[in-house]
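J.: Fold the stuff below for me.
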Amino acid sequence: MPESSLNCNAMRKSAAYLHNITNSFLDVRLASLASWKRANEISPRDHGGPYVVMQEGYDPQDLTMTPDEFVLGRSGKWLSLAYFYRMPVPERRAEFVFGTAAEVMQMMSDLPSEAQIMRRTPGSQGAPANPDTDEMAVAFKAAQGKPPSTAS
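T.: Numbering: from 1, shown residues only. Got it, this is the predicted structure:
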């Protein structure tokens, strides 16, 4: 079977388990950016930090229920990973990078029950980061267990 068929089958299979994005601790994944070259600039920072909070699912307002990956910002809103990579690194760092797991836990405990999504229109941000040269993207992909050149 061709590799593309395997990828499509795996995506269909995993899509069956996807749900709309929530603010539940049970649905998120804490991804360590400890391998990021600038991780030591984040303070305070615990042993495994810094972190991004991510979740796979779909936008609750997306009637097509298109699977996507999202990251949670300090604002309490989720952003599609595709738009995250279009943001300048300083903006990504300020909004989406947390130094400690305790900081994430506190922020998440203050979230409302219904998830809010940051909606961006294509082209409203810059060009996507090159995952091979963007150090934060490389660390993020490593935290996801993906090679740097793999699309999100």
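
J.: Any chance of the backbone angles for residue 81?
T.: Per-residue torsions, residue 81: phi -60, psi -30 (degrees, to the nearest 10).

J.: Assign the nearest residue to residue 100 once chain neighbours are set aside to one of the three secondary structure states.
T.: Distances taken as Cβ to Cβ, 6 or more residues apart in numbering place residue 46 nearest to residue 100, at 4.3 Å, with adjacent residues excluded. C-betas here are computed from N, CA, C, even on glycine. With DSSP: H, G, I helix; E, B strand; the rest coil as the basis, the three-state label of residue 46 is coil.

J.: how close does residue 46 get to residue 62?
T.: According to Cβ to Cβ, to the nearest Å, residue 46 stands 34 Å off from residue 62.

J.: The residue nearest to residue 100 - how many residues pack around it?
T.: Residues within reach of residue 46, counting by other Cβ atoms under 10 Å, total 16.

J.: Look up how far residue 145 lies from it.
T.: Distance from residue 46 to residue 145, by Cβ to Cβ: 21 Å.

J.: helix or strand right after the helix or strand where residue 56 lies?
T.: Here residue 56, judged by DSSP states H and E, is contained in strand 51-57. Later in the chain than strand 51-57, the nearest helix or strand by DSSP H and E is strand 68-72.

J.: Can you give the strand pairings for the next helix or strand along the chain from that next one, parallel or anti for each?
T.: Later in the chain than strand 68-72, the nearest helix or strand by DSSP H and E is strand 77-80. Sheet pairing for strand 77-80, assigned by DSSP bridges, gives strand 68-72 (antiparallel), strand 116-118 (parallel).

J.: in the helix or strand following strand 77-80, what counts as buried?
T.: Later in the chain than strand 77-80, the nearest helix or strand by DSSP H and E is helix 81-84. By 16 or more other Cβ atoms under 10 Å, the buried positions in helix 81-84 come out as 81, 82, 83, 84.

J.: Thanks a lot, catch you later.
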